[in-house]
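1. need coordinates for the below:
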Amino acid sequence: MTVRSVRSPGQLLLLNALLFSFSGCGCGGGGSGNPLSPDGGTPVTGIPNVPWYCFVISCSDAGVTTPRCSPRNCSGCCDLAGVCQGGNSPGACGLGGVACNTCPDFTCEFGRCVAIRCGPGTCRGCCIGETCVVGGSASNCGLDGVSCRTCALGSSCVDGLCQTVCNSNNCAGCCDEQGNCRPGNTQSNCGTSGNACVTCSGTARCDGLRCVAPTTCGTCGTGQCCLPAVPQGTCVDVSTTHCARNGAPSNEECRVCSGPERCGGGSEKGFCVRPGNRPLGASCAWDGDCAAGTSGRPTCLTGLAWGTGYCSDECTTTTCPAPDVCTTVQSLSVCLKGCSTAGATCTNPDTICEVLDGGALGCVPKCTASTANVQCASARCHADGRCCGFSGNPCCDTGSPCSGPSRDGGVSACRLDGTCS
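-> Got it, this is the predicted structure:
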C-alpha cells in the first residue's frame, strides 16, 4: 500500500505561495541540465522548477544575472559590491571567497595582511625582527637593513659598525662627545690625534688640525681664487681642481676637489662634483649626472629653455672638435652635440637638430608650449619641436591662409603651431 503524505491547508498555501513567487522568476525554469546549478544538473533548492541561484541573487524577467560573489564561485575575496577580486593586493586581501580586507601600511601575502618585512630594501638603519630602527647606537648598531647588533662594552657604533671607544690609539682625527672618531676637518668637529673635538666659532675655520683665523689674499685677478694657506693666502688660477664661481677679480676662496671630483661647469660652477656617465646631449638634472668632457668640467644646462636639462661641458674649439659645436649659451661657452640634418631628431629623443648662430648644426632641446615664450622669440613652437621662423624652419603665419588646397578642397589655414591644416 502506498502511503501519501497529507499536508495541512496552511502548508499547502505556503508551498503554493513559494512556487508562485518563483514561477515569475526569470531564472530559466530549473530542471535537469540547468547551467547554473552547482553540478550542472538537478536544482538543489528542494522545490521543483526553482533553481539554486534564486536563493543567491534576485532574479528578473529579463534573465539571470551573474551570481553574487561567494565561496562557491570565488577563489579570491568578495568586495563590498559583491564582485570577486584576486585577493592578493593590499586593497583587496583574502582567499576562499571571504570578505576582502584592506592592509594599510602592510602587504598582502597568501590572502593575509602581514607587516612589511624589514631588510636591505626597506630599512636604512638595522632590523630587530621585522622592526626597522635608526641603527646608530651601541645597543642597536647597523645600517642598510642588516640585523641590529649590540656593541661590546667599551665599543661604540660608527657608520653601522661596532668600534672601540675613540682615543689617541685608534683615531687620527678627533673624538666627539659620543666617543665616535671624526675626521676632524669640519667646523663642528675639529681636531686631531684623538683629542676631543671642538667647534670653531666666529670667523675661525678648521684646517684639519685646529681652529685658525681666516686668511686673506687681498684681491685675486680674473680667473683666480684664493687658496688658504699658513701663514697667508695664495691666489691660484681656477681649474678643474680649484673651483670658484666668480671669474671677475674677487677674494673668493677656492674649493679644492680631490679624487674623482671635478669642478662643475653649469649651476654647480664653483663646486666640486663627482662626474656621472651620461654622454654629451643626454638629459640631466645636475652636473653630477654628466660625464666630464675634454675640458674636465661636467655641465648640465638647466632652466626654462632647456626642459629636462642637457649634458655638456665648458669648451673651446679645441676641446669641442667637429662634428660637435662650441657655442655660447646662458653666457657660457659650451659644447653641444653636433648633427647633420636640420629638423631631424637626435639620439636623445628630447632634442632636435637645429641651425645655431653662425650656421652650424647642433642638437638642442625641443620646444614645448610651456617653453615657447622663452626658447622662441615668436612665442610659437612648431610641431616638430623647433621654434617657428628660427634658422630657416618653415612655419606659416598664424591666421593666414596656406598655399595649396586643404583636404576639403578649399584654402587651408595656419594653426597656432605654425603648420598648415
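
2. which outside residues touch stretch 132-146?
-> Among residues not part of stretch 132-146, those counted as contacts by CB atoms under 8 Å, 6 or more residues apart in numbering are 118-128, 148-151, 155-157, 159-162. The C-beta positions use only the backbone N, C-alpha and C, and glycine is treated the same way.

3. got the buried residues for it?
-> Using 16 or more other CB atoms under 10 Å as the test for burial, stretch 132-146 gives Cys132, Val133, Gly135, Gly136, Ser137, Ala138, Asn140, Cys141, Gly142, Leu143, Gly145, Val146.

4. restricting to C-alpha, output it in CSV.
-> Backbone C-alpha positions of stretch 132-146 (Å, rounded to 0.1, in the frame of the first residue of the first chain) are rendered in CSV as follows:
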residue,chain,number,x,y,z
CYS,A,132,63.3,49.0,11.4
VAL,A,133,65.3,51.2,13.9
VAL,A,134,67.7,54.0,13.3
GLY,A,135,70.7,51.8,13.9
GLY,A,136,73.3,54.3,15.1
SER,A,137,73.6,53.5,18.8
ALA,A,138,75.8,51.0,20.6
SER,A,139,72.7,48.9,21.6
ASN,A,140,71.3,48.9,18.0
CYS,A,141,74.2,49.1,15.6
GLY,A,142,73.9,48.5,11.8
LEU,A,143,72.9,50.1,8.5
ASP,A,144,71.1,49.2,5.3
GLY,A,145,68.7,46.6,6.7
VAL,A,146,71.1,44.3,8.5
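
5. show me the shaky parts of the stretch 201-350 of the chain.
-> Filtered on pLDDT under 70, the stretch 201-350 of the chain yields the residue ranges 214-216, 229-232, 247-249, 307.

6. tell me the domain ranges of the protein?
-> 77-115, 224-256 (automatic domain parsing).

7. what residues of the first one count as buried?
-> Neighbour counts over domain 77-115 (16+ other CB under 10 Å) mark 77-79, 84-88, 92-95, 97-98, 100-101, 103, 108, 111, 113 as buried.

8. one step back: reformat the domains of the chain as TSV; add distance to Ala322.
-> Conversion of the domains of the chain to TSV gives the following (distance: least, CB to CB, whole Å):
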stretch	distance to Ala322
domain 77-115	56
domain 224-256	24
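
9. so how far is stretch 133-147 from its chain's centroid?
-> Relative to the centre of its chain, stretch 133-147 is centred 27 Å away, using CA atoms, centre = their mean, to the nearest Å.

10. let me fix that, I meant to ask about stretch 288-308.
-> Its chain's average C-alpha position is 20 Å from that of stretch 288-308, according to CA atoms, centre = their mean.

11. buried sites along that stretch?
-> When neighbours are counted by 16+ other CB under 10 Å, the buried residues of stretch 288-308 are found to be 288-290, 292-302, 305-307.

12. kindly report the same for stretch 258-272.
-> Using 16+ other CB under 10 Å as the test for burial, stretch 258-272 gives Glu261, Arg262, Cys263, Gly264, Gly265, Gly266, Ser267, Glu268, Lys269, Gly270, Phe271, Cys272.

13. how much space between the first one and Thr345?
-> Taking CB to CB, to the nearest Å as the measure, Glu261 falls 34 Å from Thr345.

14. so what's Gly125 closest to, chain neighbours aside?
-> Excluding the flanking residues, the one nearest Gly125 by CB to CB, 6 or more residues apart in numbering is Gly135, at 3.1 Å.

15. state the distance from that neighbour to Asn170.
-> With distances taken as CB to CB, Gly135 is found 22 Å from Asn170.

16. now swap in Cys339 and tell me
-> The span separating Cys339 from Asn170 equals 58 Å under the rule CB to CB.

17. one more: Thr203?
-> Between Thr203 and Asn170 the computed distance is 33 Å (CB to CB).

18. helices along the chain, start to end?
-> Along the chain, counting by DSSP state H, helices occupy 9-23, 372-375.

19. out of those, which gets the lowest mean score?
-> Per-stretch averages of pLDDT across the helices of the chain put helix 9-23 at the bottom, with a mean of 40.
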